[in-house]
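A.B. asks: build me a model:
(4 chains)
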Protein chains: 2
Amino acid sequence: MSVTIKDVAKVCGVSPSTVSRVVADNPRISLETKKKVREAMEELGYHPNFNARSLVANSTATIGIIMPRATEDVFLHPFFPEVIRGISVAAHEKDYMILITTGSTQEEQLEAVSKMIHGKRVDGVILLSSQENDPIISMLIKWDFPFVLIGSPDQYIDQVNYVDNDNITAAKSATLHLLQSDHQRIAFIGGSKDLVVTKHRLEGYKQALSLVDIPYDEAMTAFVAFSKEEGYVAIQQLFYVEKKPTAILVTDDLIAIGVLTALKEQGYKIPEDVSVVSFNNFSMAELYNPSLTSVDISIYSLGYKAAKRLFLLIKDASMNPQHIEVPYKLVIRQSSK
Amino acid sequence: MSVTIKDVAKVCGVSPSTVSRVVADNPRISLETKKKVREAMEELGYHPNFNARSLVANSTATIGIIMPRATEDVFLHPFFPEVIRGISVAAHEKDYMILITTGSTQEEQLEAVSKMIHGKRVDGVILLSSQENDPIISMLIKWDFPFVLIGSPDQYIDQVNYVDNDNITAAKSATLHLLQSDHQRIAFIGGSKDLVVTKHRLEGYKQALSLVDIPYDEAMTAFVAFSKEEGYVAIQQLFYVEKKPTAILVTDDLIAIGVLTALKEQGYKIPEDVSVVSFNNFSMAELYNPSLTSVDISIYSLGYKAAKRLFLLIKDASMNPQHIEVPYKLVIRQSSK
DNA sequence: ATCTGCAATTCAAACGTTTGCATTTAAATC
DNA sequence: GATTTAAATGCAAACGTTTGAATTGCAGAT
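C.D. replies: Residues are numbered from 1 along each chain as shown, chains lettered A, B, ... in the order given. From the prediction side, this is the model:
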């Protein structure tokens, strides 16, 4: 078996507790002993057993991430790798590890969080999205477990730590950008209707319209999943009507690409016939032809800041919940006019 | 504190060991007792403490992944999310979790693996790439710890489990595809020279050339890091010479996009003046204009199969090392002629 | 009535740490 | 030289499980 604290102790002729204190660099151990013990550790190739340690210390230097469905399509969407990248950099800075589980259904996800938390495998959790009435959030609050939400909560607003963009204002200014080019008929394509981010962006869109007294028209909206295919489908719906939109605000680049594909197929010129503005500013937004006007929401930063906040929370669980706002930036390219 | 096995035992009037055996669904416990205990567990909200369990059972239902550098650029490259997606689906099937660490330098990476393994935090490890003389691989072999390499090892070929494409043949046939269009001057842009994958693809490239008696010319090769910028730089070098290439084999789509950007800037028409074939077939290969001819190496599959293999290995450590080959497929698009 | 055998359960040790408290040792003070 | 003090270290319990061996209870065989 592997070498334990006892082996080191025996070699050095000290007690296990002394070795433990050397590992922890406890000032009550003499420098002489420390040196001796450290040499022995090196020699024997000692590495502390993490399970034993967390068992008693009740901490794990690990943060948990719960990913929506493990099936084919997650991780396919560039949002997740990018946000995890941010988390991962922050974790690396603090010498934390990242534990990832996936759950297909919401039940599975709840089960997964529960396993992580009650199994004492993580010190805190980062949630990657929130829905209307999210049971995971209520559970975490009930358990009083440190967590940070990326995105905004639907309820318990002042009980949860969350980092998000100001999506209302972002959508508003993106819409205004289109209105400035005199578009009168602007459509909106959002994600699933019970995602908070969808609500926010729809709200911003409405606010912009009302500023210029254009009535909100439900027939000009569509709500789809985050994929190219769905963007394609949404166009069939939106352009099936008499008075076609001349501009579209799309909640995601990936969807936008589906949108553009469909529009091109139907012979529309971009941006002459239809302008498209989307969100996220993935690298494909720049690479695609025409390049996409997109709101950069700084996904990396969302992840990084969430992790930073979580570390604080782990240290001091009694901290007041805080809302951290990450700036956005409209990047204008060829797809809008 | 949280509810333990002892609490459940007390409530049911049985011993902790009985509860433990109920959790493990041991047949030596009567159905009656099982039912009673399970109800109590439900009632009290019992969840086993994972650390305590792995401490004695010496297993963790977790696999470790070590990512190269946590700095800005990893996870930025689409290879990693995609391969992790494969791993993650396999893990989900087996109810395994994934533990991720990052290390900037090779030393940090070694340290990270060591921490995972000796800290008893994972049952097995998946390596995402291998270099010439990789010290991590020799360590893992020395420790006799279950691991699977994605890519091919440089040494210890018959001691390691690895899953990879046949990169030699893949590069060969990609080059032949170009040769069939009568290209005489084909350049090669690879990744870092001490990556095994670079060696293999270079080898395939050479083999194809020799088939048609074109001499290998080192001036027609460049070796760069995996980014657009570096692709751009490579072109400055390769087109600085008298007799310019008419075709380029590039080891990665991301690099290829940098290559295309540079070529377009210098006024070359793609594919009329220069043909480009690359590897990986990321979604951007399809979206870019012109769309990229690319060798699809089935990255998802690499991850999935590696994880599958690892599970077998964890079950039976004495299994003979195996090499799993994942098929590739040349996808011809607009960038080559 | 005693013994055997079996099913169901309990006992107790072990896993490798951490940590409050007790003990030892040696120097400092009176 | 006895006593106090401080520093350095050791002791032992605790963390929450698992598991081989021991125990109990009871039906059936002798």
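
A.B. asks: when you work out contacts or count neighbours from here on, use the C-alpha atoms and nothing else.
C.D. replies: Noted.

A.B. asks: can you give me the strands for the stretch 1-150 of chain A?
C.D. replies: Secondary structure of the stretch 1-150 of chain A (DSSP state E, counting those that start in this stretch): strands at A:62-68, A:97-103, A:124-127, A:147-150.

A.B. asks: C-alpha coordinates for the third one, CSV please?
C.D. replies: Read it as strand A:124-127. Output in CSV follows, covering the C-alpha atoms of strand A:124-127 (Å, rounded to 0.1, in the frame of the first residue of the first chain):
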residue,chain,number,x,y,z
GLY,A,124,-19.2,24.9,-2.9
VAL,A,125,-21.1,24.7,-6.2
ILE,A,126,-21.5,26.8,-9.3
LEU,A,127,-24.7,26.7,-11.2
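
A.B. asks: and it with chain B, contact?
C.D. replies: No - contact of strand A:124-127 with chain B is not found when judged by CA under 8 Å from any CA of the partner chain; the minimum separation is 13.8 Å.

A.B. asks: what's that strand packed up against?
C.D. replies: strand A:62-68, strand A:147-150, helix A:299-315 (3 or more CA pairs under 8 Å, 6 or more residues apart in numbering or on different chains; DSSP states H and E).

A.B. asks: return the list of strands paired to it, each annotated with direction.
C.D. replies: strand A:62-68 (parallel), strand A:147-150 (parallel) (DSSP bridges).

A.B. asks: what distance do you get for the residue nearest the centre of chain A to B:Val241?
C.D. replies: Nearest to the mean C-alpha position of chain A, by CA atoms, centre = their mean, lies A:Leu128 at 3.9 Å. From A:Leu128 across to B:Val241, the span is 50 Å (CA to CA, to the nearest Å).

A.B. asks: thinking again about what came up before, for DNA strand C, which of the strands paired with strand A:124-127 is the nearest?
C.D. replies: Of all those, strand A:62-68 sits nearest to DNA strand C, with 15.5 Å by CA to the nearest atom of the strand.

A.B. asks: so for the closest one, what's the average pLDDT?
C.D. replies: Mean per-residue pLDDT for strand A:62-68: 89.

A.B. asks: repeat for stretch A:186-197
C.D. replies: pLDDT averaged over stretch A:186-197 gives 94.

A.B. asks: what about it, distance to the chain center?
C.D. replies: Per CA atoms, centre = their mean, to the nearest Å, the displacement of stretch A:186-197 from the mean C-alpha position of its chain is 17 Å.

A.B. asks: same question, stretch A:87-97
C.D. replies: 15 Å.

A.B. asks: which secondary structure elements does the helix or strand hosting A:Ala256 contact?
C.D. replies: Secondary structure assigned from DSSP states H and E places A:Ala256 in helix A:253-265. If you count contacts as 3+ CA pairs under 8 Å, 6+ apart, helix A:253-265 packs onto helix A:228-238, strand A:275-279.

A.B. asks: the shortest one pairs with which strands, parallel or anti?
C.D. replies: In other words, strand A:275-279. Here, using DSSP bridges, strand A:275-279 pairs with strand A:247-250 (parallel), strand A:293-296 (parallel).

A.B. asks: highest mean neighbour count out of the ones you listed?
C.D. replies: By mean neighbour count, with neighbours taken as mean count of other CA atoms under 10 Å in any protein chain shown, strand A:247-250 ranks first of the strands paired with strand A:275-279 at a mean of 27.

A.B. asks: against DNA strand C, how distant is the residue of chain A positioned farthest from its centre?
C.D. replies: Ranked by distance from the centre of chain A (CA atoms, centre = their mean), the top residue is A:Gly13, with 50.5 Å. For A:Gly13, the distance to DNA strand C (CA to the nearest atom of the strand, to the nearest Å) stands at 13 Å.

A.B. asks: and A:Thr4, by the same measure?
C.D. replies: Look at A:Thr4 and DNA strand C: by CA to the nearest atom of the strand, they are 4 Å apart.
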